[in-house]
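>>> Pasted the sequence and its predicted model underneath.
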Amino acid sequence: MRRIFFIIAMVMAGLCFDPVSCFALSETEEGEGVNVQHIIFEHMLDSYTWHITKVGDKDIAVYLPVILYSNTSGWHVFSSRRLHENGGSYEGFYPAPEDSAHAYKLMEKMPDGSFVRPVDLSLTKMGLAIIINSIILLLLFLPAAKWYRKHRGDTNAVPSKYVSFVEMLVGMVEDGIIKPCIGENYKKFSPYLLTAFFFIFTSNLMSLLPIFPGGVGITANMSITMFLALCTFIAVNVFGSREYWKEILWPDVPTWLKAPVPLMPLIELIGIFTKPIALMIRLFANMLGGHMAMLVLTVLIFIGFSAGAALGGSMTFISVLFNIFMYALELLVAYIQAYVFTLLSAVFIGSAQIHHHKKEVKTTENSEIKEQ
Amino acid sequence: MSLLVPDSGLLFWMLISFGVVFFILAKFAFPVITKSVEERKNYVETSLNSAKEAKETLARVEEDSKAVIAQANKEQGRLLNEAAQQRDKIIAAAKQEAQAEAQKTMEDAKAQIQREKDEALLAVRREMASLSCDIAEKVIRERLSDQQSQMALIDKMLEEVVKEGGAEKWT
């Protein structure tokens, strides 16, 4: 029951938060109606400033460092407050238009008038969110690890509630996903999969938190999911067994499928890349979809009010109802997507750890010995 | 479209943050936690196993003690039985002995009585004989003053003796 109250409270907080910032956005486009695409993209895309809310005319925001390297003018490091003060541009850098490939990203204006994207290492909103989530992860696990280190070998020590909770989380992932999917070799991969699971899970939950340290869906960003999928790709292929590579390059199929034209090896090679790409897209699309649905439902309120007070009122009611539902669903999705990513990573890693030819021989020998 | 373009800056920060978190957690947190959990699991498992073993041992001991008790009961029954038999035998023997003793005593007593009776009879007879002799002497002295009456008495006496068959006795 308390958890239900918690969810409702979070939803209410979310509704309080989103309309404010959306008002802030819609105010800028007064007279043009509600630009839904703009609002959604503003929320889903990265930004140089972490805009929290607007009190009166004053923006409350976290201004983050912009770090740029241009081939022509070298390094540029400045606060994003400069951008804000100068209407979005500073030191010859201008934000890219919304419909371009680098929406809102800073572009350098060349002497000939063309725009070139510089090397951009700015600590953006999502960059900060990554760091915050990382700190949360460390704060979650290091005290528990400290307790365990303190009570090493002491089997009679009773863990506290917090330590038991951490133990439950770790045990759930390790015993529920890693061990059954990878098999005997699991110890080598367990830290990566645990880190990936808790990073994704924490990020998903934090993206649902509407106020400052949360609210940024880093798992709904292609760069982050790409990085995670790349890690899995490395874990699968760099630590893959000889058997695994043999299965890819010389699979167990009729010779004409692999000899003159390497048809099956080609398919298998493509499969190496499609698996992590699927991982990347799945996490990204699921999180993006959920956040977009919630944003669209919230924007419905403004669309309703732009058509009239009565419609706006009824839209608000419907929107709140649906948002409660979406919030509950997203809490579920936050866990499920972290689980699925880790599970599939573990399955891929496990499938690259096969030593089954040797194993089968061994087991048959053993069974023969036993039978004798 | 811009949603689908990975950003190098974000990748950079992700690489640093995730790398650091992974390094720290993989070095200091997860192995310790999983190892401790494993150790505790093993400890619990061994504890459960030893508890099970202890239970089995206890059951075995209980069974053994039951067997011992049963054996003891049997032995007790056997001993009691034997004792009863022994007792019966002893009592029977004692009875027999007592009977024999009694018999013997009785016989002795009887013999004694017989002997004493005989002696008494003999004494009585002797007394009677002397008494009758005295009586006879007196009677005779008184009555047999004349010849005739002497002869009559003798005849009468003889007659009596013949009639009673006392002759046999006296002969």
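That came through, no problem.
>>> Tell me how far the strand or helix carrying residue A:195 lies from the chain's centre.
Secondary structure from DSSP states H and E places residue A:195 in helix A:190-208. Computed by CA atoms, centre = their mean, to the nearest Å, the chain-centroid distance of helix A:190-208 equals 8 Å.
>>> elements contacting it?
Judged by 3 or more CB pairs under 8 Å, 6 or more residues apart in numbering or on different chains; DSSP states H and E, helix A:190-208 is in contact with helix A:125-150, helix A:161-173, helix A:222-238, helix A:263-307, helix A:309-351, helix B:8-24, helix B:30-143. (Each C-beta comes from the backbone N, C-alpha and C, glycine too.)
>>> tell me the mean pLDDT over it?
The average pLDDT within helix A:190-208 is 93.
>>> now the angle from that helix to helix A:222-238?
With axes from the mean of the first three to the mean of the last three CA atoms, to 10 degrees as the basis, helix A:190-208 and helix A:222-238 are set at 170 degrees to each other.
>>> Dump the helices and strands packed on helix A:190-208 into a markdown table; add mean pLDDT and distance to residue A:212 as well.
Converted to a markdown table, the helices and strands packed on helix A:190-208 look like this (pLDDT from 0 to 100; distance: least, CB to CB, whole Å):
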| stretch | mean pLDDT | distance to residue A:212 |
| --- | --- | --- |
| helix A:125-150 | 92 | 9 |
| helix A:161-173 | 91 | 24 |
| helix A:222-238 | 92 | 19 |
| helix A:263-307 | 90 | 17 |
| helix A:309-351 | 92 | 18 |
| helix B:8-24 | 92 | 18 |
| helix B:30-143 | 90 | 29 |
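>>> Any idea which of the ones you listed gets closest to residue A:108?
helix B:8-24 (14.4 Å; CB to CB).
>>> check whether that closest one contacts chain A.
Yes: applying CB under 8 Å from any CB of the partner chain, one finds helix B:8-24 touching chain A at B:8-15, B:17-18, B:20-22, B:24.
>>> re earlier: kindly calculate the angle that the helix holding residue A:195 makes with helix A:161-173.
Per the same axes, to 10 degrees, the angle that helix A:190-208 makes with helix A:161-173 is 110 degrees.
>>> Restricting to C-alpha, output helix A:190-208 in PDB.
The C-alpha trace of helix A:190-208 is given here as PDB (Å, rounded to 0.1, in the frame of the first residue of the first chain):
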ATOM      1  CA  SER A 190      29.800 -11.400 -13.400                       C
ATOM      2  CA  PRO A 191      31.200  -7.900 -12.400                       C
ATOM      3  CA  TYR A 192      30.500  -6.400 -15.800                       C
ATOM      4  CA  LEU A 193      27.000  -7.800 -16.000                       C
ATOM      5  CA  LEU A 194      26.200  -6.700 -12.500                       C
ATOM      6  CA  THR A 195      27.500  -3.200 -13.200                       C
ATOM      7  CA  ALA A 196      25.600  -3.100 -16.400                       C
ATOM      8  CA  PHE A 197      22.400  -4.300 -14.800                       C
ATOM      9  CA  PHE A 198      22.500  -1.800 -11.900                       C
ATOM     10  CA  PHE A 199      23.700   1.000 -14.100                       C
ATOM     11  CA  ILE A 200      20.700   0.500 -16.400                       C
ATOM     12  CA  PHE A 201      18.300  -0.100 -13.600                       C
ATOM     13  CA  THR A 202      19.400   3.000 -11.600                       C
ATOM     14  CA  SER A 203      19.400   5.100 -14.800                       C
ATOM     15  CA  ASN A 204      15.900   3.900 -15.700                       C
ATOM     16  CA  LEU A 205      14.600   4.700 -12.200                       C
ATOM     17  CA  MET A 206      16.400   8.000 -12.100                       C
ATOM     18  CA  SER A 207      14.900   9.000 -15.400                       C
ATOM     19  CA  LEU A 208      11.500   8.500 -13.800                       C
END
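>>> Buried residues in it, which are they?
By neighbour count on 16 or more other CB atoms under 10 Å in any protein chain shown, the buried set for helix A:190-208 is A:190-208.
>>> rewinding a little: scan the residues of helix B:8-24 next to chain A and report the most crowded one.
residue B:14 (28 neighbours; other CB atoms under 10 Å in any protein chain shown).
>>> for residue A:100, helix, strand, or coil?
Under the three-state scheme (DSSP: H, G, I helix; E, B strand; the rest coil), residue A:100 adopts coil.
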